[in-house]
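Participant: Below: sequence and its predicted model.
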Amino acid sequence: ACVMMALLGGCGTSNPDGPLGDAGGSGSGSGSGSGSGSDSIDVNKSGTRIKARVLTTPDGAKSFVGWVDTQRNNEACAFRVAADGMTRCLPSEVANEYSGFYYADAACTIPLGLFYTNCTPPQYVSAIAQVCAQTADGRTTIYMRGTEYTTYYTKSGTSCSGPRTDPTLVFYGRGAEVPPSDFQAATSAIE
């Protein structure tokens with residue numbers, strides 16, 4: 001570990017903040033992007049629409065736990081690439097569709113998103129587009145939650161098998177697609 005720290009300029013150097021903030025044990029930085037230097041930035045800053053959700057202790061300590069979209073009823077969201085190729089704060093409480101795995105029908109043509117039976121049903125189903133057999137391009141499409149299923153089929157190669165059940169899971173089909181423009185866009189920058 002000390003060899004790695006030496007390569008990074010840490011391990012007892014005289015730099016008060018070190019390359020890793022207080023990770024070296026002698027620095028004064030917080031490691032959270034909110035150090036005391038003039039070039040520090042708070043990377044978890046709320047905007048006018050997207051707000052940071054934090055945990056706060058009685059003595060004033062705060063910890064970032066996620067984002068909410070205030071124009072969508074304080075819906076929890078996370079930054080991902082949307083179907084239109086833009087980075088957007090997309091809903092984070094969704095039934096995830098694992099492309100090519102769970103289906104509603106014996107021909108394996110109607111994809112399903114899965115969720116847990118002991119949780120409040122999600123409002124949405126998310127699907128990640130694939131550009132070739134095993135590679136997702138990261139574009140997430142958000143659909144309203146559709147029909148609920150308790151049985152499912154799985155696909156392996158060209159064969160579809162089932163039906164199967166799992167008492168811990170519930171499955172949802174796709175409803176109407178939610179336009180990507182309904183979600184707040186973000187741009188990438190280096191500061």
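Facilitator: Good, I have the coordinates. Numbering: from 1, shown residues only.

Participant: Start and end of stretch 90-104, how far apart?
Facilitator: Start-to-end span of stretch 90-104 (CA to CA, to the nearest Å) is 25 Å.

Participant: cool, and stretch 63-79?
Facilitator: 18 Å.

Participant: likewise stretch 183-191?
Facilitator: Stretch 183-191 stretches 24 Å from its first residue to its last (CA to CA).

Participant: what's the neighbour count on residue 191?
Facilitator: When neighbours are defined as other CB atoms under 10 Å, residue 191 has 5 of them. C-betas here are computed from N, CA, C, even on glycine.

Participant: Pull up the gap between it and residue 104, please.
Facilitator: Residue 191 is 46 Å from residue 104, where distance means CB to CB, to the nearest Å.

Participant: What helices and strands are in contact with the helix or strand hosting residue 66?
Facilitator: Per DSSP states H and E: residue 66 is located in strand 62-69. In terms of contacts (3 or more CB pairs under 8 Å, 6 or more residues apart in numbering; DSSP states H and E), strand 62-69 is packed against strand 50-56, strand 75-81.

Participant: okay if I get these as a markdown table plus mean pLDDT?
Facilitator: Compiled in a markdown table, these are given as follows (pLDDT from 0 to 100):
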| stretch | mean pLDDT |
| --- | --- |
| strand 50-56 | 94 |
| strand 75-81 | 93 |
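
Participant: Bridged to the most centrally placed residue in the chain, which residues?
Facilitator: Centroid check for the chain by CA atoms, centre = their mean gives residue 78 as the closest residue, at 4.8 Å. When bridges are called by DSSP bridges, residue 78 pairs up with residue 90.

Participant: ditto for residue 82
Facilitator: Beta bridges link residue 82 to residue 140 when assigned by DSSP bridges.

Participant: now it: how far from residue 57?
Facilitator: From residue 82 to residue 57 the distance is 35 Å (CB to CB).

Participant: higher neighbour count, these two?
Facilitator: Per other CB under 10 Å, whichever of residue 82 and residue 57 has more neighbours is residue 82, with 23 against 8.

Participant: The more buried one contacts residue 140, doesn't it?
Facilitator: Yes: counting by CB atoms under 8 Å, residue 82 does reach residue 140; the two are 6.1 Å apart.

Participant: Mutual contacts of these two, please.
Facilitator: The contact sets of residue 82 and residue 140 overlap at residue 90 (CB atoms under 8 Å, 6 or more residues apart in numbering).

Participant: and stretch 86-106, how far from the chain's centre?
Facilitator: Averaging C-alpha positions (CA atoms, centre = their mean, to the nearest Å) puts stretch 86-106 12 Å from its chain's average.

Participant: For it, measure first residue to last.
Facilitator: Start and end residues of stretch 86-106 are separated by 35 Å (CA to CA).

Participant: for stretch 146-156, same thing?
Facilitator: 24 Å.
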